[in-house]
Structures are given as C-alpha cells and as structure tokens.
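> give me the fold of what follows.
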Amino acid sequence: MAVKKSTAPKSSAKAAPKAKAAPKAAPKAKSATKAKADTKAAPKAGGAKKAAPKKTPVVKLTDPQRKVLGEVAGKKEEGLLGSKATAKQLAALLEKKLIKKGKKEGEFVRYFITKTGEKQATTAPAAPSAEASSSPAS
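Sure, this is the predicted structure:
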C-alpha cells in the first residue's frame, strides 16, 4: 500500500536548522577576520625588514621595435607621427606600454615615449652595440 508523506512537519524542520546555522556562521566569520587582521599586523610590528626596490623587468624587443622606440625617444616633444610602415612596431610598443598615443593628425596618430620607454631606450642601444663590438674582435 502507498503511504502518504506529510509535508508540513518536514518544511518546518528544514526551516529551523537554517535559522540555527546562520547565527553560527556569523561568529566564525568575525573570528576569521580578526585572525586575518592579527596576521597582517604581526609582520609590521615584528619585522624591521624593508622590501627591496622593485626593478623594472627588461622587455624583450625585436630589432625593428628597438629602432622605432629610438625614433620615438629622439622626438620627445613633438612625438613620432605613425605611418603604415611602422604600424605593427608601434602597436607592439603600445601594448608593452613603452609608448603612448597622442592626438590624431589626419589618418595617423602621434606617439610619445613613456618613462618605462625612456629606460628601455637608454638600455636597449647599449646591449646590441656591446654584442656587435665583441663579435668582430672574436
């Protein structure tokens, strides 16, 4: 024979544990945040170590990209007017945040060098010239 299930007692039984579970979860969350705050505060008070200054990572550039970056660096104030010939190199340098876009003039845009781009422009020509000078001597 089939037995009918009563739905009224089960729904009230389910509602009661949920209500009890919610207050239990709240104190745990509070204690967890206090523990996190304590762990964050402890290194500050106990440690006298200073973080080493972050060095900018060396960005790998191709020879055409170095050449275009040098051109942009040479024209600091007026900037380099982009062209179809240098579009791919300029897009790659823009993606690496070594240059930034300026105003649009006609079809093309002026590109200016950023501070990270200046650092790369000063270090980039030095490395290839050192390799080039050591190659003929060998």
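> endpoints of stretch 91-110, how far apart?
The first residue of stretch 91-110 is 12 Å away from its last residue (CA to CA, to the nearest Å).
> which outside residues touch that stretch?
Residues outside stretch 91-110 that contact it (CB atoms under 8 Å, 6 or more residues apart in numbering) are 59, 61, 65, 68-69, 72, 78-83, 90, 111-114, 116-117, 120. All C-beta atoms are positioned from the backbone trio N, CA, C, and that covers glycine.
> in this structure, which spans are helices?
8-46, 63-74, 87-95, 115-123, 126-137 (DSSP state H).
> lowest average confidence across the ones you listed, which one?
The weakest mean pLDDT among the helices of the chain belongs to helix 126-137, with a mean of 50.
> which residues touch the nearest residue to E71 once chain neighbours are set aside?
Excluding the flanking residues, the one nearest E71 by CB to CB, 6 or more residues apart in numbering is L80, at 5.5 Å. By CB under 8 Å, 6+ apart, the contact set of L80 is V68, E71, V72, T86, L90, R110, Y111, F112.
> show me just the buried residues among the residues you listed.
Neighbour counting with 16 or more other CB atoms under 10 Å marks V68, E71, V72, T86, L90, R110, Y111, F112 as buried within the contacts of L80.
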